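Participant: Predicted structure and sequence below. I'll ask about it afterward.
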Amino acid sequence: MLDKIKQLLNDIAIGRQKALARAITVVENELPGYDVLLRNLPQAPGAKIVGITGPPGAGKSTLVNALLGHWMAEHKKVAVLAVDPSSPFNYGALLGDRIRMAEFYNHPDVFIRSLASRGALGGLSAKILEIADVITHAPFDYVLIETVGVGQSEVEIAGLADCTIVALVPEAGDEVQTWKAGLMEIADIFVVNKADRDLADSLYRNLRILAHEKSDAEAEIPVLKTIATNNVGIAELASAIAAHLSGQHSRKEKKLQLLTEKAWHLMVARRMQDISRTELRNRIAQGIETEGFNLYAAVERWADGNN
Ligand SMILES: Nc1nc2c(ncn2[C@@H]2O[C@H](COP(=O)(O)OP(=O)(O)O)[C@@H](O)[C@H]2O)c(=O)[nH]1
Ligand SMILES: [Mg+2]
């Protein structure tokens with residue numbers, strides 16, 4: 001098994017996309033060799049992870065596509081991991097319905113994978129981290145992860161990227177306030193997409209104020225306007241990403257924080273793995289038929305491994 005896995009890792013490292021696809025399937029479905037594979041991933045991945053998050057319909061996929069176009073022109077190699085647990089929607093289908101996207105879908109320097117929805121979001125977070133680590137083992141310049149910024153765990157995951165883009169649209173307007181706590185915290189770059197729409201300027205101004213408040217003295221968080229459908233502002237976005245990533249080498253503290261968060265997510269997933277909702281449901285179904293059943297007492301017993 002170890003030899004086979006090492007071979008697979010070698011193939012990934014030299015850019016064989018089929019090997020990468022297979023390894024992701026192994027990790028995603030926890031097939032035999034899954035743990036061996038993860039344990040043999042070397043440290044210090046080359047590719048930088050760029051997270052892009054924001055509400056559904058903000059234009060995240062369109063931005064990803066526009067960035068792909070930009071980076072392909074610069075002869076970069078890019079992987080895309082699309083995570084949308086709420087939707088069974090296939091990323092390839094989305095890409096296929098637009099001609100310029102279909103072009104990238106078959107481009108040898110592009111690797112695109114969508115993550116199927118999974119039941120448990122806690123499990124999904126750890127899965128994304130694991131799969132992202134496998135992808136960063138391949139010789140890509142960038143690994144783009146698109147997540148829908150709705151659930152707390154997805155927001156957290158987006159925040160674990162080397163560079164996190166939060167994409168918002170003018171219609172978001174007032175909602176910006178309610179997102180402050182989650183989405184706003186993790187942004188390294190704000191994007192006001194659909195800048196062709198009314199109200200884009202007012203959102204832009206509000207975000208500038210917000211970004212200024214949360215920026216530290218040395219680096220102001222950029223706020224950029226884009227029209228993803230027309231490639232407007234995409235070169236500026238790519239520059240902002242590159243600038244953020246290049247400034248990061250010196251930030252050991254941030255790295256340590258990222259790895260700690262990552263370890264925390266993985267530990268949570270590990271502790272949770274033998275907890276099944278179906279099993280819980282069965283136990284509770286039995287419990288409530290019993291005189292004097294108390295959920296707190298029951299949970300305490302179950303958590304200790306007793307019945
Ligand atoms: N007017 C306008 N429409 C856009 C822009 N960017 C994306 N869209 C459209 O917004 C819709 C949602 O885009 P999509 O990329 O799927 O959003 P996602 O859910 O955030 O991935 C699609 O119909 C896009 O064509 C933009 O800059 N301007
Ligand atoms: Mg999308």
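Facilitator: Happy to help now that I have it. Ligands and ions are numbered 1, 2, ... in the order given.

Participant: Would you confirm that Ile145 belongs to a helix?
Facilitator: No: Ile145: not assigned to a helix; according to DSSP: H, G, I helix; E, B strand; the rest coil it is strand.

Participant: Glu74 versus that one, what's the distance?
Facilitator: According to Cβ to Cβ, to the nearest Å, Ile145 and Glu74 sit 20 Å apart. (Glycine included, C-beta is placed from N, CA and C.)

Participant: Neighbour count: these two, which is higher?
Facilitator: A side-by-side neighbour count of Ile145 and Glu74, using other Cβ atoms under 10 Å, places Ile145 first with 26 against 11.

Participant: need the contact list for the more buried one.
Facilitator: Contacts here follow Cβ atoms under 8 Å, 6 or more residues apart in numbering; on that basis Ile145 touches 49-52, 80-83, 128, 132, 157-158, 161.

Participant: Can you give me the domain boundaries for the chain?
Facilitator: Here the domain parsing of the chain from automatic domain parsing is 1-41, 43-270, 276-303.

Participant: in the stretch 151-300 of the chain, which spans are strands?
Facilitator: 163-168, 189-192, 223-225 (DSSP state E, counting those that start in this stretch).

Participant: quick one, which of these is nearest to Trp302?
Facilitator: Nearest of those to Trp302, taken as Cβ to Cβ: strand 163-168 at 36.8 Å.

Participant: Convert the closest one to CSV, retaining C-alpha atoms only.
Facilitator: The C-alpha trace of strand 163-168 is given here as CSV (Å, rounded to 0.1, in the frame of the first residue of the first chain):
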residue,chain,number,x,y,z
CYS,A,163,-5.6,34.7,0.7
THR,A,164,-9.3,35.0,1.2
ILE,A,165,-11.5,37.0,-1.1
VAL,A,166,-14.9,38.0,0.0
ALA,A,167,-17.2,38.8,-2.9
LEU,A,168,-20.3,40.9,-2.4
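
Participant: Let me have the strands of the stretch 151-300 of the chain in CSV, adding mean neighbour count and mean pLDDT as columns.
Facilitator: Converted to CSV, these look like this (neighbours: other Cβ atoms under 10 Å; pLDDT from 0 to 100):
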stretch, mean neighbour count, mean pLDDT
strand 163-168, 27, 91
strand 189-192, 26, 94
strand 223-225, 21, 96
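
Participant: CSV please, covering these and showing distance to Pro32.
Facilitator: Listed next are those as CSV, based on distance: least, Cβ to Cβ, whole Å:
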stretch, distance to Pro32
strand 163-168, 34
strand 189-192, 40
strand 223-225, 45
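
Participant: right, so of those strands, which gets closest to Ile275?
Facilitator: Nearest to Ile275, of the strands of the stretch 151-300 of the chain and by Cβ to Cβ, is strand 163-168 at 29.6 Å.

Participant: so what does the closest one touch, helix or strand wise?
Facilitator: strand 48-54, helix 60-73, strand 189-192, helix 234-246 (3 or more Cβ pairs under 8 Å, 6 or more residues apart in numbering; DSSP states H and E).

Participant: same thing but 7 Å
Facilitator: Judged by 3 or more Cβ pairs under 7 Å, 6 or more residues apart in numbering; DSSP states H and E, strand 163-168 is in contact with strand 48-54, strand 189-192, helix 234-246.

Participant: got TSV for those, with distance to Gly287 too?
Facilitator: Output for the helices and strands packed on strand 163-168, formatted as TSV (distance: least, Cβ to Cβ, whole Å):
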stretch	distance to Gly287
strand 48-54	39
strand 189-192	48
helix 234-246	51
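
Participant: worst average pLDDT in those?
Facilitator: Lowest mean pLDDT of those: strand 48-54, a mean of 89.

Participant: sorry, back to before: which of the domains of the chain is buried the deepest?
Facilitator: domain 43-270 (a mean of 18; mean count of other Cβ atoms under 10 Å).

Participant: Any part of that one near ligand 1?
Facilitator: Yes: counting by Cβ under 6 Å from any ligand atom, ligand 1 is contacted by domain 43-270 at 54, 56-62, 193-194, 196, 227-229.

Participant: Distance from the chain centre to that domain, please.
Facilitator: Chain-centre distance of domain 43-270: 7 Å, with Cα atoms, centre = their mean, to the nearest Å.

Participant: returning to that earlier point: identify the farthest-apart pair in the contacts of Ile145.
Facilitator: The span of the contacts of Ile145, defined through Cβ to Cβ, is set by Val80 and Ile157 at 15.1 Å.

Participant: how near is the residue in the chain that ligand 2 sits nearest to to Thr136?
Facilitator: Residue nearest to ligand 2 within the chain: Ser61 (3.3 Å; Cβ to the ion). Distance, Ser61 to Thr136, using Cβ to Cβ: 21 Å.

Participant: how far does stretch 208-225 stretch from start to finish?
Facilitator: 11 Å (Cα to Cα, to the nearest Å).
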